[in-house]
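Colleague: No sequence on hand, only this structure:
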Ligand code: GLN
């Protein structure tokens with residue numbers, strides 16, 4: 001006798017709860033929508049129906065992976081960011097809602113040429129290009145696997161002809177000038193890594209999370225390398241960990257950025273540091 005969606009869901013929630021998953025009902029529902037191939041919003045309508053053997057196997061497999069603390073995004077292969085769905089894999093940092101604030105701030109002013117350092121899934125670059133149709137951009141990442149994903153996301157959202165994705169150790173292979181440079185670099189201190197949730201610590205790319213030091217190493221490198229790539233008046237915009245705002249703002253001040261500010265996210269935590277290159281007034 002085939003089981004209904006409701007029956008499978010109830011069992012899965014118990015299983016996820018048993019291993020301490022934060023929001024077991026939300027995850028089980030997302031994984032069941034994925035297994036059934038229905039949109040999340042239509043799942044409730046489908047729950048009373050018997051589930052095919054194939055969909056049941058897909059769901060059982062997905063739940064087993066989630067029990068093993070694999071993130072939902074890795075299981076279903078995508079994650080939503082700034083209103084769009086992005087392909088993700090174990091090779092890129094999962095797009096996070098707090099990074100949307102960086103996109104929002106970047107969009108407050110017009111830009112024509114944007115550079116995204118450590119682009120990962122490409123979620124920042126692609127969102128910016130989608131929202132600013134006259135802009136072009138470069139996404140750089142040291143990981144060739146990440147660059148593949150970023151390229152696919154640029155295609156997926158129709159901005160591939162305006163986005164150049166290239167393998168580069170920070171700015172090593174970058175030429176030209178930009179009026180906006182953005183980055184969400186690895187900023188977790190090595191000492192903090194063991195305290196992260198298993199979904200992050202065990203499944204996300206190590207080098208996208210930590211600099212292997214005090215958490216400020218990437219900012220030091222970026223602050224040293226970026227000024228020659230910025231046009232006069234160009235902006236540098238960096239996501240930071242919530243304790244790092246002041247330290248990163250000081251780095252920007254030190255290398256000559258002006259109007260340096262620290263901007264909080266929706267949780268009122270310091271999240272983005274912004275600075276401007278001095279304008280060329282003479
Ligand atoms: N914001 C991420 C986290 O706290 C870390 C991402 C990063 O280091 N850029 O899990």
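Modeller: Sure thing, it's come through. For clarity, every value in this text was computed on a predicted model and none was experimentally measured.

Colleague: Only C-alpha atoms from now on, for both contacts and neighbour counts.
Modeller: Fine.

Colleague: Look at residue 272 and say how many residues are nearby.
Modeller: Residues lying near residue 272 (other Cα atoms under 10 Å) number 27.

Colleague: for the one 5 residues further on, same thing?
Modeller: Counted with other Cα under 10 Å, residues neighbouring residue 277 total 22.

Colleague: Tell me who's in contact with whatever residue of the stretch 51-200 of the chain ends up closest to the ligand.
Modeller: The stretch 51-200 of the chain approaches the ligand most closely through residue 186 (3.6 Å), counting by Cα to the nearest ligand atom. Contacts for residue 186 (Cα atoms under 8 Å, 6 or more residues apart in numbering) come out as 207-211, 215, 218.

Colleague: Pretty sure it sits in a helix.
Modeller: No. Residue 186: not assigned to a helix; according to DSSP: H, G, I helix; E, B strand; the rest coil it is coil.

Colleague: Just the buried positions in the longest strand along the chain, please.
Modeller: Longest strand in the chain by number of residues, with DSSP state E as the criterion: strand 230-239. For strand 230-239, the neighbour count (16 or more other Cα atoms under 10 Å) marks 230-239 as buried.

Colleague: on that earlier part again, restricted to helices, list the contacts of residue 186.
Modeller: 207-209, 218 (DSSP state H).

Colleague: can stretch 73-85 be found next to the ligand?
Modeller: No. Against the ligand, stretch 73-85 shows no contacts by Cα under 6 Å from any ligand atom, the least distance being 13.8 Å.

Colleague: possible to save the ones in helices among the contacts of residue 186 as TSV with pLDDT and distance to the ligand?
Modeller: Output for those, formatted as TSV (pLDDT from 0 to 100; distance: Cα to the nearest ligand atom, whole Å):
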residue	pLDDT	distance to the ligand
207	96	9
208	97	6
209	98	4
218	98	10
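
Colleague: Which positions in this structure make contact with the ligand?
Modeller: Checking the chain against the ligand by Cα under 6 Å from any ligand atom, the hits are 184-188, 209-210.

Colleague: Now tabulate the ones in helices among the contacts of residue 186 in JSON lines and tack on neighbour count.
Modeller: What follows is the ones in helices among the contacts of residue 186, written out as JSON lines (neighbours: other Cα atoms under 10 Å):
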{"residue": "207", "neighbour count": "17"}
{"residue": "208", "neighbour count": "22"}
{"residue": "209", "neighbour count": "21"}
{"residue": "218", "neighbour count": "21"}
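
Colleague: After the helix or strand hosting residue 114, which helix or strand is next? Please name it.
Modeller: Using DSSP states H and E, residue 114 sits in strand 113-117. Counting by DSSP H and E, the next helix or strand C-terminal to strand 113-117 is helix 123-131.
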